[in-house]
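K.L.:
A predicted structure for the sequence below; I have some questions about it.
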Amino acid sequence: MATGENEPLISTAVTSRETERSARADETILEARGLDVHYGEDRALREVTAEIPERKVTAIIGPSGCGKSTFLRSINRMNDQIEVCRVEGDLLFRGKNVYDDDVDPVALRRKIGQVFQKPNPFPKSIRDNVTYGLRVQGKSATDDDVERALRGAALWSEVEGKLDSSGLDLSGGQQQRLCIARAIAPDPEVVLMDEPTSALDPVAASKIEDLIAELAREYTVVIVTHNMQQAARISDETMVFLTGGELVEFDDTATIFENPANQAVEDYITGKFG
Amino acid sequence: MSRFEYRAQLRALREELLAMSDLVCEALQRALEAFEARDAEIASLVVEGDREINERYLAIERRCIELIARQQPVAGEMRVVVATFKISTDLERVGDLATNLATYAIQGERHAYPEVDAGTIGRHALAMVREAVAAYATEDAEACYAVADRDEALDRLCEAANGIVVHDLLADRGPDDSVETLLADVSRLFLTIRDLERVGDHAVNLAARTLYMAEGNDDLLA
């Protein structure tokens, strides 16, 4: 594991990580240890223990209500906004428990960005959408920053020359890539995606899938998907949650889809269960 | 296609492979009979029957392609499709080798090397194919290993038979044998032994793919 206590989760500083990245390939970046999440009386996650590797695509699959989105949201504390939500156990980001009292959730979310199911650009210009995260940090965003994020989201060639037009004028697939550009502009380490292609047509979805593979060269991607073929196509590792918020199997994606160890997982991915 | 129909197609795929294997084993058995009895009629049945084996093979291939394209099978179901696809290729090759054997049976004028017991070698190879097919039908991992183990004995039989032929080739065959006749006899027998050895290799492939299908175990694929 990496640095732990010294990570700037409690400040707004963003470190230059290029050298760290090259040194940390294949290391664990996120680790759940006995993670329990309750919504009131309901137990949504049950003692989840898992290590998510850095700069890989980790897919989370499972039937509706199995806890996969809850797990995703617990990584960057999006569950904090739900009043009845109670978290027990540890969720470590580079060795530091993100639920420690001294962690600033806003700073955490700059390091662990998120893309949602439906494209949700702000009703602002393309440029303003991309620079939003940096401006929130009180930083000025240069044209280079905007171009870098839009190139990173495979959108630059389609919007170059019209950065001041509204983000809402883009197609659904372009809007989702704009949201990805917005998520990566503050240079996060992890990008969480909650069914990012489910609202898109197959061609737009395919572009996002290609983009996810590209993103994993720079970022750790954790993606919730209902589409098992998508998980099989794009991820390196797959977590399977089944009912009751239990992580039933977590292995490299080829193993999950070729020869899963757990019969319930086999039944789920072959459509006999769920 | 509903999930129910999809599963019915997977079952049908396996049944088609077993039906194809029946034809292949029958062809090999007949080829051995033709070889031992030098029976041109039985040999021609084998040669003619190869067309149906090829058609069955193509039908299985088409069904596998459709299942992959339309159903994207995963896990155990994917292993059934992939293993069946590969096994059908091995069975088709065994059918071709049975045709070769039948063809050799009616070539030449005589049994040039009665001391070479091609029948025993052939029955050993045929038994391996049958056992591998039975393992596929019942997904019997132990039987897969047993087939692989039997291949060593087949290889030894083939080696011994080759030794006899080479020994005789080097020895004086007597004034009645022209060089051309000698070479034709020797070549044919070498090819026969080689083909029977290959039948055994294909049987091991069947067992290896079956083991993978049944347990996701690739021990025998190396």
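P.N.:
Alright, I've got the coordinates.

K.L.:
interface residues of chain B facing chain A?
P.N.:
Within chain B, the positions near chain A by C-beta under 8 Å from any C-beta of the partner chain are B:3, B:72, B:73, B:74, B:75, B:76, B:77, B:78, B:79, B:216. (Glycine included, C-beta is placed from N, CA and C.)

K.L.:
Among those, the buried ones, what's the PyMOL command?
P.N.:
To isolate the buried ones among these in PyMOL, judged by 16 or more other C-beta atoms under 10 Å in any protein chain shown, type:
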select buried, chain B and resi 73+74+75+76+77+78+79+216
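
K.L.:
so which of the residues of chain B next to chain A comes closest to residue A:231?
P.N.:
Taking C-beta to C-beta as the measure, residue A:231 sits nearest to residue B:74 out of the residues of chain B next to chain A, at 10.1 Å.

K.L.:
pLDDT below threshold where in the stretch 151-274 of chain A?
P.N.:
A:274 (pLDDT under 70).

K.L.:
wait, which of the residues of chain B next to chain A is closest to residue A:242?
P.N.:
residue B:75 (14.8 Å).

K.L.:
would you list the residues of chain B next to chain A in JSON lines and tack on secondary structure and pLDDT?
P.N.:
Formatted as JSON lines, those follow (DSSP: H, G, I helix; E, B strand; the rest coil; pLDDT from 0 to 100):
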{"residue": "B:3", "secondary structure": "helix", "pLDDT": "75"}
{"residue": "B:72", "secondary structure": "coil", "pLDDT": "89"}
{"residue": "B:73", "secondary structure": "coil", "pLDDT": "93"}
{"residue": "B:74", "secondary structure": "coil", "pLDDT": "93"}
{"residue": "B:75", "secondary structure": "helix", "pLDDT": "95"}
{"residue": "B:76", "secondary structure": "helix", "pLDDT": "95"}
{"residue": "B:77", "secondary structure": "helix", "pLDDT": "95"}
{"residue": "B:78", "secondary structure": "helix", "pLDDT": "96"}
{"residue": "B:79", "secondary structure": "helix", "pLDDT": "97"}
{"residue": "B:216", "secondary structure": "coil", "pLDDT": "93"}
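
K.L.:
so which pair among the residues of chain B next to chain A is furthest apart in space?
P.N.:
Pairwise distances across the residues of chain B next to chain A (C-beta to C-beta) peak at 21.8 Å, for the pair B:3 and B:216.

K.L.:
ok, now which ones touch residue 209?
P.N.:
The chain I'm using is chain A. Residues near residue A:209 by C-beta atoms under 8 Å, 6 or more residues apart in numbering or on different chains: A:197, A:230, A:233, A:234.

K.L.:
wrong one, I was asking about chain B
P.N.:
Contacts of residue B:209 (C-beta under 8 Å, 6+ apart): B:82, B:83, B:86, B:87, B:90, B:136, B:221.

K.L.:
tell me which element it falls in.
P.N.:
helix B:179-215 (DSSP states H and E).

K.L.:
Need the contacts of residue A:209 in TSV (columns: secondary structure, distance to residue A:167 and neighbour count).
P.N.:
TSV is the format used below for the contacts of residue A:209 (DSSP: H, G, I helix; E, B strand; the rest coil; distance: C-beta to C-beta, whole Å; neighbours: other C-beta atoms under 10 Å in any protein chain shown):
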residue	secondary structure	distance to residue A:167	neighbour count
A:197	coil	18	24
A:230	helix	25	22
A:233	helix	28	18
A:234	helix	25	22
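
K.L.:
Now for the residues you listed: which two are most distant?
P.N.:
Farthest apart among these by C-beta to C-beta are A:197 and A:233. That separation is 11.1 Å.

K.L.:
what's the burial count for the residue of the stretch 101-250 of chain A found nearest chain B?
P.N.:
Proximity of the stretch 101-250 of chain A to chain B (C-beta to the nearest C-beta) peaks at residue A:229, 5.4 Å away. Neighbour count of residue A:229, defined by other C-beta atoms under 10 Å in any protein chain shown: 11.

K.L.:
now residue A:163
P.N.:
When neighbours are counted by other C-beta under 10 Å, residue A:163 comes out with 18.

K.L.:
mind checking how far the closest residue to chain A within chain B is from residue A:165?
P.N.:
Chain A sits closest to residue B:216 of chain B, with a gap of 3.1 Å, by C-beta to the nearest C-beta. Applying C-beta to C-beta, to the nearest Å, the value for residue B:216 to residue A:165 is 53 Å.

K.L.:
any idea how far residue A:175 is from residue A:204?
P.N.:
Counting by C-beta to C-beta - residue A:175 and residue A:204 are separated by 9 Å.

K.L.:
Who has more neighbours out of the two?
P.N.:
Shown here are residue A:175 and residue A:204; by other C-beta under 10 Å, residue A:175 has more neighbours (23 against 19).

K.L.:
Skipping adjacent residues, who's closest to the more buried one in space?
P.N.:
residue A:119 (3.5 Å; C-beta to C-beta, 6 or more residues apart in numbering or on different chains).

K.L.:
Same check on residue A:148?
P.N.:
The nearest residue in space to residue A:148 (C-beta to C-beta, 6+ apart) is residue A:185, at 8.0 Å.

K.L.:
Tell me who's in contact with the one you found.
P.N.:
Per C-beta under 8 Å, 6+ apart, neighbours of residue A:185: A:130, A:131, A:132, A:133, A:134, A:141, A:145, A:146, A:148, A:149.

K.L.:
cool, residue A:177 as well?
P.N.:
Residues in contact with residue A:177, defined by C-beta under 8 Å, 6+ apart, are A:153, A:154, A:155, A:207, A:208, A:211.

K.L.:
how about 6 Å then?
P.N.:
Neighbouring residues of residue A:177 by C-beta atoms under 6 Å, 6 or more residues apart in numbering or on different chains: A:153, A:155.

K.L.:
element containing residue B:64, please.
P.N.:
helix B:40-71.

K.L.:
Could I get the average pLDDT for that helix?
P.N.:
Throughout helix B:40-71, pLDDT has a mean value of 94.
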